[in-house]
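Undergrad: What shape does this take:
(one chain, ligands or ions: 3)
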Amino acid sequence: MQVEAGPLLQKIEYPEDLRHLKESELEEVCKELRQYIIDMVSVNGGHFAASLGVVELTVALHYALQTPYDQIIFDVGHQAYGHKILTGRRDVFHTNRIIGGISGFPKRGESEYDAFGVGHSSTSISAALGMAVASAYKGETDRQHVAIIGDGALTGGMAFEALNHAGIEKSNLLVILNDNCMSIDPNVGAMKEYLTSITTSKSYNRFRDDLIAVLAKISKKGPNAYGWAKKLEQSIKGTLLKNANLFESLNFRYFGPVDGHDVNKLVKTIEDLKHINGPKLLHVVTVKGKGYALAEKDQTKWHAPGLFDKITGEIKKSVSDKPQPPKYQDVFGHSLVELAEANDKIMGITPAMPSGSSMNIMMKAMPDRAFDVGIAEQHAVTFSAGLAAQGMVPFCNIYSSFMQRAYDQVIHDVALQNLNVVFCLDRAGLVGADGPTHHGAYDIAYMRCVPNMVVSSPMNEEELRNLMYTAQLKDKGPFTIRYPRGNGVMPDWKLPFKEIPVGKGRKLADGEEIAILSFGSIGNEACKAIRKLREDGIHPAHYDLRFAKPLDQELLHEVFKKYSKVITVEDGCLPGGIGSAILEFMVDNNYHAQVVRLGIPDEIVEHGEQAELWHICGYDAAGIELQVRKLTKGIKTESLVG
Ligand SMILES: Cc1ncc(C[n+]2csc(CCOP(=O)(O)OP(=O)(O)O)c2C)c(N)n1
Ligand SMILES: CC(=O)[C@@H](O)[C@H](O)COP(=O)(O)O
Ligand SMILES: [Mg+2]
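TA: Ligands and ions are numbered 1, 2, ... in the order given. Have a look, this model is predicted:
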């Protein structure tokens, strides 16, 4: 839905237009931009509080710099709505995250102002440094490169790797640390405490300010005093200040903390910093959700609230008289606490997604046994390995796409040592509006090839509980359970736990001629397709594989002895996925059958609603039905897939 922009904002198509305004008009621009974000997100959805927090910073950067020649790299990119609106995309902003519309994250293909594609955290400093080094090499010494990184994103190891490198490069890099004390949930860790201490502790700031004042006074007392003061300044700066500030110790010039909501001060500061070469860090203090009182008060809820009434703040929920099935993440969260009550070896680990994964349920119930380790997927995995090495049973819950970060740790630290770490991969499969950076497309393929690893996926809530129960039993080794974003299918899900024999699938329906082999929750789409097909006298068999590894050999022998046509269905990438596993089984056992593999094709799937994307990829109920009809030469093949 389109909304109207304020009068000043209407005049700004591109940053060039912004730069024609007077500095005295910038506060009004910020006000209108903030209102535009509120109006837009309330009716169209998307990330919210983070963009509100960086309105002034965004305006100041585009005002003070010559974008797109100067390059701004947003970390994660969920806070870049203001940037998009100011850089030629105001008129299409109502298509944000909608199929065929603009992306919710900066994307190089979308605009020359999006200097680098983002979505996963903690990449901005590395990318900006790479650009700065390339510019220096090309002789573009006037070109500015700015990484805007949040305090949450700074908890990611990659950010530190980049700071470590940048500190010895002379290239023109400005890191702006947007410190709002929040990740999605409250930020965690010693680094966060350090940032709070330099922001709030009077001692560091007063020490630095007093020192500068004293030096200024001394230097006014004549040339000798001036020379002495200069020496003192250098030695104090070179030792005391350096030691007193982590970033200075890493060879960055540290500036701040400054008020991130004072747009004119920010403009002046950024202009000044343009003339200082080498690595610099500007520490900016902001409020996540700034300007929308409810968001300022409950920043986690308003990180990405969905549609809401902007006047009352009521978040819109779908209403239904019938009891609704729960989200898979909540089944995970509650079941984990139940299991942990019975098994004191169970621990919970999340890298910065307590709310998103529902690990917050265990963190609340058992604070000494559940950990938010920050945006640190690699550490989360190896920390879990350490716990497992001491006989604990860690449930390490990581979104499928974020787990890509920790692949070496999965192999080197867990699988090679056959440690009993349970990897719960939430958001497995196509996630919807977040798009390609967040689709959990690859985990079946990347986990299936790891020795010792069990790879499983529940078709419903009961199965998720039972797989979790099974995974924590003695000596199960590395155990992956993947499940999708969103709701399950069972309103009454809290059934007693039952062990599932590892590597055992389920036959859901016998059939004729053709069998559907599904893996995970997407099997429910197969059920819908089968119901339709039966109306036309077509009876596919249906097997829920449950395990991609080990495969249920007995079940597969039955399938290939009975059926000459097989369709595999997975919410994961086709290369290396469950369909591939079935083809391997066939070759190894010399079976011949007509096989169609349905899943995510070997291409980038853009953003859109989950169901729309399944449809496009051809593995929703209509796509499965179509393939069955084609294979069985049945009727009604037309117009099932648009
Ligand atoms: C590798 C990775 N892990 C987790 C996330 C999920 N995530 C997105 S934003 C965010 C919090 C970022 O906090 P911060 O950088 O401080 O930005 P803020 O929202 O506070 O502006 C998290 C954990 C992600 N995008 N990438
Ligand atoms: C920007 C980011 O990475 C997160 O905010 C992500 O969008 C959360 O996804 P869910 O909504 O699936 O928890
Ligand atoms: Mg933050």
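Undergrad: Run a quick neighbour tally on residue 391.
TA: 8 (other Cβ atoms under 10 Å). Using the backbone N, CA and C atoms, a C-beta is placed for each residue, glycine as well.
Undergrad: That one is in contact with residue 346, isn't it?
TA: No: taking contacts as Cβ atoms under 8 Å, residue 391 lies outside contact range of residue 346: 11.4 Å.
Undergrad: what about the closest residue to ligand 1 within the stretch 501-642 of the chain, which SS state?
TA: The nearest approach of the stretch 501-642 of the chain to ligand 1 comes at residue 607, 14.5 Å away (Cβ to the nearest ligand atom). Following DSSP: H, G, I helix; E, B strand; the rest coil, residue 607 is assigned to coil.
Undergrad: how close does it get to ligand 2?
TA: Residue 607 sits 11 Å away from ligand 2, going by Cβ to the nearest ligand atom, to the nearest Å.
Undergrad: before we move on, what about residue 117?
TA: Distance, residue 117 to ligand 2, by Cβ to the nearest ligand atom: 13 Å.
Undergrad: Now for that residue: which residues touch it?
TA: 105-109, 437 (Cβ atoms under 8 Å, 6 or more residues apart in numbering).
Undergrad: what bits of this protein have low per-residue confidence?
TA: Applying pLDDT under 70 to the chain flags residues 201-243, 634-642.
Undergrad: got the residues of it near ligand 3?
TA: Neighbours of ligand 3 within the chain, by Cβ under 5 Å from the ion: 150-152, 180, 182.
Undergrad: how about 6 Å then?
TA: Taking Cβ under 6 Å from the ion as the criterion, the chain approaches ligand 3 at residues 150-152, 180, 182-183, 187.
Undergrad: Could you single out the nearest of these to residue 125?
TA: Lowest distance from residue 125 to the residues of the chain next to ligand 3 (Cβ to Cβ) belongs to residue 150, with 11.9 Å.
Undergrad: Can you tell me which of the residues of the chain next to ligand 3 end up in strands?
TA: Judged by DSSP state E, the residues of the chain next to ligand 3 include residue 150 as members of strands.
Undergrad: Pick out the most distant pair among the residues of the chain next to ligand 3.
TA: For the residues of the chain next to ligand 3, the farthest-apart pair by Cβ to Cβ is 180 and 183; their separation is 9.4 Å.
Undergrad: With neighbour numbers in mind, choose between these two.
TA: residue 183 (29 against 23).
Undergrad: Roughly how far does the closest residue to that one other than its chain neighbours sit from residue 179?
TA: Spatially, and ignoring its direct neighbours in sequence, residue 183 is nearest to residue 152 (3.1 Å; Cβ to Cβ, 6 or more residues apart in numbering). Using Cβ to Cβ, to the nearest Å, residue 152 is found at 10 Å from residue 179.
Undergrad: where do the strands sit along the stretch 51-200 of the chain?
TA: Under the criterion DSSP state E, counting those that start in this stretch, strands of the stretch 51-200 of the chain are mapped to 71-74, 145-150, 173-179.
Undergrad: Of all the ones you listed, which one is nearest residue 336?
TA: It's strand 145-150; of the strands of the stretch 51-200 of the chain, that one is closest to residue 336 (Cβ to Cβ) at 28.0 Å.
Undergrad: The residue of the stretch 501-642 of the chain closest to ligand 1 contacts residue 100, correct?
TA: No: counting by Cβ under 8 Å, residue 607 sits too far from residue 100 to count as a contact (9.2 Å).
Undergrad: Looking at the two, which is more packed in?
TA: residue 607 (26 against 9).
Undergrad: if I pick that one, what's in contact with it?
TA: 97-99, 101, 103-104, 432-436.
Undergrad: Can you tell me how far the closest residue in space to residue 343 that isn't next to it in sequence is from ligand 1?
TA: Spatial nearest neighbour of residue 343, excluding adjacent residues (Cβ to Cβ, 6+ apart): residue 472 at 5.7 Å. Computed as Cβ to the nearest ligand atom, the residue 472 to ligand 1 distance reads 25 Å.
Undergrad: any idea which element the residue nearest to residue 366 when sequence neighbours are not counted lies in?
TA: Among residues not flanking residue 366 along the chain, residue 340 sits closest, at 6.1 Å (Cβ to Cβ, 6+ apart). Taking DSSP states H and E as the definition, one finds residue 340 inside helix 328-342.
Undergrad: Between the residues of the chain next to ligand 3, identify the one with the most neighbours.
TA: When the residues of the chain next to ligand 3 are compared by neighbour count (other Cβ under 10 Å), residue 150 ends up highest, at 31 neighbours.
Undergrad: Pretty sure it sits against residue 79.
TA: Yes: assessed by Cβ under 8 Å, residue 150 is found in contact with residue 79 at 7.3 Å.
Undergrad: Mutual contacts of those two, please.
TA: Joint contacts of residue 150 and residue 79 (Cβ under 8 Å, 6+ apart) are 50, 178.
Undergrad: Could you pull out the buried residues of stretch 311-328?
TA: 313, 325-328 (16 or more other Cβ atoms under 10 Å).
Undergrad: and residue 394, which of the three is it?
TA: strand.
Undergrad: now swap in residue 324 and tell me
TA: Three-state call for residue 324 (three-state DSSP): coil.
Undergrad: For whatever residue of the chain ends up closest to ligand 3, list the residues it contacts.
TA: Closest residue of the chain to ligand 3, Cβ to the ion: residue 150 (3.7 Å). Taking Cβ under 8 Å, 6+ apart, we find residue 150 in contact with 50, 75-76, 79, 177-180, 182-183.
Undergrad: repeat for residue 537
TA: If a contact means Cβ under 8 Å, 6+ apart, then residue 537 has no contacts.
Undergrad: Likewise for the one 10 residues further on?
TA: By Cβ under 8 Å, 6+ apart, the contact set of residue 547 is 454-456, 502-505.
Undergrad: Neighbours of residue 97, how many?
TA: When neighbours are defined as other Cβ under 10 Å, residue 97 has 20 of them.
Undergrad: Name the residues of the stretch 301-450 of the chain found near ligand 2, please.
TA: Residues of the stretch 301-450 of the chain that fall close to ligand 2, judged by Cβ under 6 Å from any ligand atom: 304, 356, 427, 431, 434.
Undergrad: The third one against residue 397, yeah?
TA: What that stands for is residue 427. No: the pair residue 427 / residue 397 is not scored as a contact, 10.3 Å apart, by Cβ under 8 Å.
Undergrad: check which helix or strand covers the one residue in the stretch 251-400 of the chain that gets nearest to ligand 1.
TA: Residue nearest to ligand 1 within the stretch 251-400 of the chain: residue 352 (3.8 Å; Cβ to the nearest ligand atom). If you go by DSSP H and E, residue 352 is not part of any helix or strand.
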